[in-house]
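> Requesting a structural model of the entry that follows:
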Amino acid sequence: MADPISVTESYIESTERIQPHQANNYENAHGGEIVKLMDELAAVAAMQVAGEICVTAHIGSVDFQAPLPVGNVATLSAYVYDTGDTSLDVRVNVEGRDPRTNGTETTTSACFTLVAVDADGDPVPVPEVVAETDREHELVAAAPC
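As a prediction, this is how the structure comes out:
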């Protein structure tokens, strides 16, 4: 089995400006678009730990806390906070920022469970993720949905 990996080694961020084609009738990001971006980033965080392709098995408790208007910037962050034999639990948060005022707020958060798979689609073992620093312990404590 591979050596344990720290929580921060799985941490990743992505930034996206919300465009009109991503919006609903109210000129805010469509919830499905946001979940798609979150799912893609969750997979990247999981793959950084697993070293294999990871597929989504479950999305739990997607919380839409505030709208994300067209033209605003979404900063997504994701990290693996727990692992099983072949599964990885990933927390994803989205912060919205108005580029004119730089005011930020949390807009969306969710927990994803992904499974590492080989080229044939069969589940494969993943390394353990461990919290070593105070910051990592804080991330793990805040993670479960």
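> Only C-alpha atoms from now on, for both contacts and neighbour counts.
Fine.
> Give the bridge partners for the residue positioned nearest the centre of the chain, please.
For the chain, the residue nearest the mean C-alpha position is Val92 (3.0 Å; CA atoms, centre = their mean). Counting by DSSP bridges, Val92 is bridged to Ala78, Ala110.
> Could you measure from it over to His30?
Noted for Val92: a distance of 17 Å to His30, by CA to CA, to the nearest Å.
> what do you get for Ile5?
Taken as CA to CA, the span from Ile5 to His30 is 34 Å.
> biggest helix in the protein by residues?
helix 31-50 (DSSP state H).
> buried ones in it?
Of all the residues in helix 31-50, those buried under the rule 16 or more other CA atoms under 10 Å are 31, 34-35, 37-39, 41-50.
> Also stretch 129-145?
129-131, 136, 139-140, 143-144.
> so of those, which ones are in helices?
136, 139-140.
> Show me the strands in this protein, by range?
In the chain, the strands defined using DSSP state E lie at 5-6, 12-17, 53-64, 73-83, 87-97, 104-117, 129-130.
> Who are the packing partners of the third one?
Spelled out, that is strand 53-64. Secondary-structure packing of strand 53-64 (3 or more CA pairs under 8 Å, 6 or more residues apart in numbering; DSSP states H and E): helix 31-50, strand 104-117.
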